[in-house]
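Colleague: pasting the structure only:
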């Protein structure tokens, strides 16, 4: 799979950081792609994404080889955000609630796109890598929950990730903030009973 957002350098070398203007264009493309995918689905014309980002199609292809690369980059960026906002000192139930509500848009987008994306072995492997990274981000939270006795000893980052994904499936854009918070909180109380020590 092609390395994303690499500027020059021999094959196999580490990616060089993008210039500020190139990084700004790349971020605009990711934001536009997320909006277009959410509104029109995975098969939205790439010209629409470039236009919404205020760049030419050539700029899009210099950054992303295809729409799958765009989708993967969107979810990589969401993991970056999740990593930055996760507070491993929070109680497990509070941290899960924050992650579900904070990642509501990304979760809704993932739910939509996973039914529309064509998955071959390379794509499955790329999404599996995203799942592995998600679990690595959750690991300090899991270790703390094991230490304070709020998470079953046989439950780990995978189970916490699955709980977050299941509750993310409850997110509906037409729900008001209060309704969504209440529904996710109710679901968390059910899920957390399964994660807690007996």
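Modeller: That came through fine. Since this is a predicted model, take the numbers as computed values, not measurements.

Colleague: how far is the longest helix seen in the chain from where the chain is centred?
Modeller: Looking across the chain with DSSP state H, the single longest helix is helix 121-147. Put simply, helix 121-147 sits 11 Å off its chain's centre (Cα atoms, centre = their mean, to the nearest Å).

Colleague: Can you pull the domain assignment for this protein?
Modeller: For the chain, the structural domains run 1-65, 75-195, going by automatic domain parsing.

Colleague: any idea which of those scores lowest on pLDDT?
Modeller: The minimum mean pLDDT among the domains of the chain belongs to domain 1-65 (a mean of 78).

Colleague: How far off centre is that one?
Modeller: Relative to its parent chain, domain 1-65 has a centroid offset of 17 Å by Cα atoms, centre = their mean.

Colleague: got it, and stretch 57-75?
Modeller: Distance, stretch centre to chain centre, for stretch 57-75: 16 Å (Cα atoms, centre = their mean).

Colleague: what angle do the next helix or strand after the longest helix of the chain and helix 121-147 make?
Modeller: Scanning forward in sequence from helix 121-147 by DSSP states H and E, the next helix or strand is helix 157-168. Here helix 157-168 points in a direction 100 degrees away from that of helix 121-147 (axes from the mean of the first three to the mean of the last three Cα atoms, to 10 degrees).

Colleague: Which residues does helix 157-168 contact?
Modeller: The contact list for helix 157-168 (Cβ atoms under 8 Å, 6 or more residues apart in numbering) reads 92, 96, 99-100, 103-104, 107-108, 110-111, 131, 134-136, 138-139, 141-142, 151, 184, 187-188, 191-192, 194-195. The C-beta positions use only the backbone N, C-alpha and C, and glycine is treated the same way.
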